[in-house]
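Visitor: Kindly return the folded structure for what I paste below:
(one chain, ligands or ions: 1)
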Amino acid sequence: MLEITNLVKSFGGVRATDDVTMTFEAGSLTAIIGPNGAGKSTFFNLLSGAFRPDSGDIRLDGQSIVGLGIGEIVRRGIGRAFQVASIFPSLTVEETMLAAVSAHHGHASRLGSRFPLASTRSHAAHCIEMVGLTAKRDTLSANLSHGDQKLLDIALALVLEPKVLLLDEPTAGMGPEERWRVIEKVRELWERQKITVVFIEHDMDIVFKIAPSIRVLSYGRVLAQGSPQEIRTNPAVIEAYLGTEHEAAA
Ligand SMILES: Nc1ncnc2c1ncn2[C@@H]1O[C@H](COP(=O)(O)OP(=O)(O)OP(=O)(O)O)[C@@H](O)[C@H]1O
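Guide: This next block holds a predicted model:
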């Protein structure tokens with residue numbers, strides 16, 4: 001459903017994305033891993049339209065999205081969770097979501113309304129429920145834990161009903177317990193909604209436990225792709241990224 005072919009993006013002399021070809025099947029959950037500077041964020045920026053590739057193609061359900069604006073790419077179904085929830089610290093979880101859903105439905109003038117449309121309320125409630133924040137819907141965004149703020153960011157991305165959800169290090173900056181709580185929610189969401197989820201992650205315990213499919217980038221290129229077991233024991237991946245620790249654990 002998302003097919004990337006011979007994608008190239010350079011910055012000066014650096015080939016941040018170097019002839020990347022890969023496919024994400026509909027409904028798959030995939031982790032992108034690789035050393036710092038491997039080109040993971042650049043790859044996401046190309047998929048979401050923030051960067052335009054120098055060459056190559058990105059096809060969503062058979063149609064090229066290269067050259068389209070970010071808004072149009074979102075409308076076509078590629079969503080990305082940004083750190084946005086905390087931009088409105090004085091809004092509650094529910095108010096944040098109502099604002100987002102209203103803006104999406106094109107009646108932003110009702111943002112200040114105390115009586116949003118029933119459909120707006122129910123869509124907002126559904127997105128809140130999908131990330132497990134229903135019990136915290138009256139909590140101010142500023143008072144949420146870091147993990148819950150991340151879940152709210154994800155809920156905001158879900159408002160647009162993406163076919164593909166891109167998550168750039170969803171557990172970054174969290175303690176171990178909170179990391180697992182957030183990533184378990186992501187997995188639940190993936191299982192229940194059957195959307196295609198691609199996430200960048202540095203925590204290998206999380207990657208090997210959660211992602212049925214893993215892609216490894218190194219120096220902008222695809223170094224390997226496969227199941228956790230295949231990646232864990234792949235000599236090139238061990239040499240470039242994992243070291244021997246995970247090999248021993250495997
Ligand atoms: N806007 C930019 N301008 C110039 N160089 C860039 C830009 N964005 C990325 N790069 C370079 O492209 C390469 C890949 O960077 P990128 O941020 O995509 O890697 P990454 O795998 O996401 O790294 P990290 O794990 O540290 O976030 C690096 O050499 C980086 O310096």
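
Visitor: When you work out contacts or count neighbours from here on, use the C-alpha atoms and nothing else.
Guide: Noted.

Visitor: Could you list the low-confidence segments of the chain?
Guide: Within the chain, the ranges that satisfy pLDDT under 70 run 85, 106-116, 244-250.

Visitor: How about the residues of it by the ligand?
Guide: Where the chain comes near the ligand, counting by C-alpha under 6 Å from any ligand atom, the residues are 11, 16, 35, 36, 37, 38, 39, 40, 41, 42.

Visitor: is it true that residue 37 lies in a strand?
Guide: No. Going by DSSP: H, G, I helix; E, B strand; the rest coil, the assignment for residue 37 is coil, not a strand.

Visitor: what are the phi and psi angles of it?
Guide: Phi and psi for residue 37, reported as degrees, to the nearest 10, are phi 80, psi 10.

Visitor: so what's it closest to, chain neighbours aside?
Guide: residue 219 (7.1 Å; C-alpha to C-alpha, 6 or more residues apart in numbering).

Visitor: which ones are touching the one you found?
Guide: 15, 16, 17, 18, 37, 38, 39 (C-alpha atoms under 8 Å, 6 or more residues apart in numbering).

Visitor: Over to residue 148?
Guide: 133, 182.

Visitor: Show me how far whichever strand or helix holds it is from its chain's centre.
Guide: Assigned by DSSP states H and E, residue 148 belongs to helix 146-158. A distance of 11 Å separates the centroid of the chain from that of helix 146-158, by C-alpha atoms, centre = their mean, to the nearest Å.

Visitor: Repeat that for stretch 64-81.
Guide: 14 Å.

Visitor: got the end-to-end distance for that stretch?
Guide: In stretch 64-81, first residue to last residue: 22 Å (C-alpha to C-alpha, to the nearest Å).

Visitor: I would like the residues contacting it, please.
Guide: 47-50, 52-53, 57-60, 153-154, 156-158, 160-168.

Visitor: same deal with stretch 11-18?
Guide: The contact list for stretch 11-18 (C-alpha under 8 Å, 6+ apart) reads 6-10, 37-39, 42-43, 219-221.

Visitor: what's the farthest-apart pair in those?
Guide: 6 and 37 (19.3 Å; C-alpha to C-alpha).

Visitor: rewinding a little: can you tell me how far the residue nearest to residue 37 sits from residue 83?
Guide: 26 Å.

Visitor: hmm, back to that, would you reformat the contacts of residue 219 as a markdown table and include neighbour count?
Guide: Putting the contacts of residue 219 into a markdown table (neighbours: other C-alpha atoms under 10 Å) gives the following:
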| residue | neighbour count |
| --- | --- |
| 15 | 16 |
| 16 | 22 |
| 17 | 27 |
| 18 | 22 |
| 37 | 13 |
| 38 | 20 |
| 39 | 23 |
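
Visitor: how about these, which pair is most distant?
Guide: Maximum pairwise distance among the contacts of residue 219 (C-alpha to C-alpha): 12.5 Å, between 18 and 37.

Visitor: what's the helix or strand for the spatially most central residue of the chain?
Guide: Central residue of the chain (C-alpha atoms, centre = their mean): residue 167, 1.7 Å from the mean position. Assigned by DSSP H and E, residue 167 belongs to strand 164-168.
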